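**Q** 3D model of this:
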Amino acid sequence: MRNILICGLMLAGVACQKAAPEAGAAAHEHDAAESRSWTVWKDDYELYAERAANQWALHLSRTSKFRPIADADCVLISGEKQIPAKPGKPGIYVADSAEGKAVRCTIDKQPVVFLLSGDGQSDKAGIRLLKEQQWVLDMTTGTAAQHSIQQELRVPAEIHVRQGGVAEVSAPLAGRLVFQNVPAIGTLIKRETPLAGVLPPANTVADLPSLELAESEAKTALSYAQRDRARAERLVEAGAAPARRLEEARTVETTATARLRTAELRLKQLEASREAAGAEVGLKRFLVRAPIEGLLTEITVPGGSNVDAGATLFRLMDVTTVHAVAQVPESALAKLKSIGTASLELGDGKTIRPGRLVSIGRMVDPATRTIPVVWEVANPDRQLAINQLVSMRIALPGSTGAVALPEAAVVEEGATQAVYLQKSGELFERRVVTTGLRGGGFVEIRQGLADGERVVVRGAYLVRLASLGGGIPEEGHVH
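**A** Below is the predicted model of the structure:
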């Protein structure tokens, strides 16, 4: 991979040399002995001006995006003369003049003046990277500055189910498990959603005659009660019996109707058990409902099975709130007395802020020599998976003000740490530094860098590859 990137950088330089002569007025060539350059940074803009003999090449960039500004209007100012700079390649403007003291450009309808002080410099010693190459790379520069760094620990963490986040759904009584719509594993189940039904068993097949006898007796009793109620209505209507007589007859009829219904249901239940039917009309099943909202993780019993009372049927897992368990080295135990905030770093670069601190362990794992620190994390979008490995940054009390850079600006080169300074528009320099505290995405630079120096803060490794590839020949280059 490194060789491919090096070749790409070198080919970019070759392409720059071959394509430039076709750019017409934008093409210019100079000898290293005569070439002078000026680099001016102003607000969000960078001007890199080259002069070879009487020809100028003005490279205009936007530092926040490190991309060329192709739609500007620029003039080179030399005394009272103002020489229009003609656009060549995107971001490059060409002018002819023996001298130049300033460049004025109209960018985004706003005038910006770049002062060219002194006689410029000769870009020879250092890592050479043409503007055309920089503009196609994912890189950005910035200045080293004082930054308040919050002390923090960066440790591995694992996502666990919170306590109380797992529910086992059990059979309320013995019977046969009946499914209507079997949910798939991984389905999000709402609370109180019916999952299955339990059909209580009939006593035994040998009870069939007694059940049939009970049904027949109930039918006879109901028929007698209906006739008695009709007779009572006639007597009350004729004034031969009190109204209470009719009420008693109606009560007896209602009781007989209920006994007949119960006898019929018992017969249906026995017959359904014998035929192993799944959704019998009119049979009373005990519904099994989800006690929590969560993902269905397991179905332990297939539909149609006979289950005992209390047998586990389903397992649900609530993942809307999870626990992140960080493994902190025991050497950092003293620093955990007053923990600040924390953040989770996912593999795709996203960051999640946990909620409350749940607990700090007081038992060291003898195998890993670490202490568990548990945070509660809201997970409404379920972007965190159970048992997922993440990184956690734990803020510690105390901060320090120091010259600092984004962590991406520091390149680990074995036991050495280095940064890459931008000395001019196309010239870079490797600088070995000594780092200190890390926190909030920044790293303290204790030695090797001064406040205000311009450093490659993104894409530093690409500049390192360019230095390994040999850069651009010293005798000059063609735009």
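**Q** Determine the set of other helices and strands touching the longest helix anywhere in the chain.
**A** Ranked by number of residues, the top helix in the chain under DSSP state H is helix 243-275. Secondary-structure packing of helix 243-275 (3 or more Cβ pairs under 8 Å, 6 or more residues apart in numbering; DSSP states H and E): strand 194-199, helix 208-238. C-betas here are computed from N, CA, C, even on glycine.
**Q** Determine the angle, from 0 to 180 degrees, between it and helix 208-238.
**A** For helix 243-275 against helix 208-238, the angle by axes from the mean of the first three to the mean of the last three Cα atoms, to 10 degrees is 160 degrees.
**Q** List the pairing partners of the helix or strand that helix 243-275 is followed by within its sheet, with orientation.
**A** Next along the chain after helix 243-275, taking DSSP states H and E as the criterion, comes strand 286-289. Partner strands and pairing direction for strand 286-289 (DSSP bridges) are strand 194-199 (antiparallel).
**Q** buried ones in the strand it pairs with?
**A** Neighbour counts over strand 194-199 (16 or more other Cβ atoms under 10 Å) mark 195-199 as buried.
**Q** Between those, which sits nearest Ala402?
**A** Ala402 has its nearest neighbour among the buried residues of strand 194-199 in Leu195, at 58.7 Å by Cβ to Cβ.
**Q** At which residues are the helices of the stretch 51-200 of the chain located?
**A** 131-134 (DSSP state H, counting those that start in this stretch).
**Q** for it, which spans come out with low pLDDT?
**A** 123 (pLDDT under 70).
**Q** residue ranges of the strands in it, please?
**A** Secondary structure of the stretch 51-200 of the chain by DSSP state E, counting those that start in this stretch: the strands cover 55-62, 67-68, 73-78, 81-87, 92-96, 102-107, 110-115, 127-128, 140-143, 145-161, 166-170, 175-178, 188-189, 194-199.
**Q** where's the residue nearest to Glu413 when sequence neighbours are not counted, which helix or strand?
**A** Leaving aside its sequence neighbours, Glu413 sits nearest to Arg464 (Cβ to Cβ, 6 or more residues apart in numbering; 7.7 Å). In the assignment (DSSP H and E), Arg464 maps to helix 460-468.
**Q** what sits up against that helix?
**A** With Cβ atoms under 8 Å, 6 or more residues apart in numbering as the test, helix 460-468 has contacts from 2, 5-6, 9, 127-129, 133, 137-139, 408-411, 413, 418-420, 428, 430, 456.
**Q** How many residues are close by Ile445?
**A** Each residue near Ile445 was counted by other Cβ atoms under 10 Å, and the total is 26.
**Q** my guess is it contacts Gly436, does it?
**A** Yes. The pair Ile445 / Gly436 is scored as a contact, 7.5 Å apart, by Cβ atoms under 8 Å.
**Q** Mutual contacts of the two, please.
**A** Ala402.
**Q** hmm, back to that, got JSON lines for the buried residues of strand 194-199, with distance to Trp38 too?
**A** As requested, the buried residues of strand 194-199 are exported to JSON lines (distance: Cβ to Cβ, whole Å):
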{"residue": "Leu195", "distance to Trp38": "75"}
{"residue": "Ala196", "distance to Trp38": "80"}
{"residue": "Gly197", "distance to Trp38": "84"}
{"residue": "Val198", "distance to Trp38": "86"}
{"residue": "Leu199", "distance to Trp38": "90"}
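**Q** Tell me the one of the residues you listed nearest Leu346?
**A** For the buried residues of strand 194-199, the closest approach to Leu346 (Cβ to Cβ) belongs to Leu195, at 32.7 Å.
**Q** can you redo the helices and strands packed on helix 243-275 as a markdown table with distance to Ser391?
**A** Below are the helices and strands packed on helix 243-275 laid out as a markdown table (distance: least, Cβ to Cβ, whole Å):
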| stretch | distance to Ser391 |
| --- | --- |
| strand 194-199 | 38 |
| helix 208-238 | 67 |
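**Q** Can you say which of those is packed in most?
**A** Of all the helices and strands packed on helix 243-275, strand 194-199 has the most neighbours on average by mean count of other Cβ atoms under 10 Å, namely a mean of 20.
**Q** which of the contacts of helix 460-468 count as buried?
**A** Taking 16+ other Cβ under 10 Å as the criterion, what is buried in those is 5-6, 9, 127-129, 133, 137, 139, 409-411, 418-420, 428, 430, 456.
**Q** To Leu295, which of the strands of the stretch 51-200 of the chain lies closest?
**A** Of all the strands of the stretch 51-200 of the chain, strand 188-189 comes closest under Cβ to Cβ, at 5.9 Å.
**Q** elements contacting that closest one?
**A** Using 3+ Cβ pairs under 8 Å, 6+ apart, strand 188-189 is in contact with strand 294-299.
**Q** I'd like the mean pLDDT over the strand it packs on, please.
**A** When pLDDT is averaged along strand 294-299, the result is 89.
**Q** ok, now stretch 251-259?
**A** Confidence for stretch 251-259, expressed as mean pLDDT, is 89.
**Q** Now that stretch - C-alpha only, CSV.
**A** Output in CSV follows, covering the C-alpha atoms of stretch 251-259 (Å, rounded to 0.1, in the frame of the first residue of the first chain):
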residue,chain,number,x,y,z
THR,A,251,-81.8,-17.2,37.6
VAL,A,252,-82.1,-20.9,37.3
GLU,A,253,-82.3,-20.7,33.5
THR,A,254,-79.1,-18.5,33.4
THR,A,255,-77.2,-20.9,35.6
ALA,A,256,-78.2,-23.9,33.4
THR,A,257,-77.2,-22.0,30.2
ALA,A,258,-73.7,-21.4,31.7
ARG,A,259,-73.3,-25.0,32.8
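**Q** And the protein, what are its domain boundaries?
**A** For the chain, automatic domain parsing gives the domain ranges 33-121, 145-161+320-458, 201-283.
**Q** Present the ones you listed as CSV; the columns should include distance to Arg176.
**A** Compiled in CSV, the domains of the chain are given as follows (distance: least, Cβ to Cβ, whole Å):
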stretch, distance to Arg176
domain 33-121, 68
domain 145-161+320-458, 31
domain 201-283, 7
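**Q** between the ones you listed, which gets nearest to Asp308?
**A** domain 201-283 (11.3 Å).
**Q** quick one: the closest one to chain centroid distance?
**A** 64 Å (Cα atoms, centre = their mean, to the nearest Å).
**Q** before we move on, what about stretch 381-399?
**A** Distance, stretch centre to chain centre, for stretch 381-399: 11 Å (Cα atoms, centre = their mean).
**Q** Please apply the same query to stretch 344-361.
**A** The answer for stretch 344-361 is 11 Å, by Cα atoms, centre = their mean.
**Q** Other residues contacting that stretch?
**A** Residues outside stretch 344-361 that contact it (Cβ under 8 Å, 6+ apart): 157, 323-324, 336, 339, 341-343, 371-378, 383-384, 390-393.
**Q** Got a ChimeraX select line for the buried ones in those residues?
**A** Restricted to buried positions by 16+ other Cβ under 10 Å, the ChimeraX selection for the contacts of stretch 344-361 reads:
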select :157,323,324,339,342,343,371,372,373,374,375,376,377,384,390,392,393
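**Q** coming back round to it: can you pull the buried residues of the helix holding Arg464?
**A** Neighbour-count burial for helix 460-468 flags 460-467 (criterion: 16+ other Cβ under 10 Å).
**Q** From these, pick the one nearest Arg315.
**A** Nearest member of the buried residues of helix 460-468 to Arg315, counting by Cβ to Cβ, is Tyr461, at 46.8 Å.
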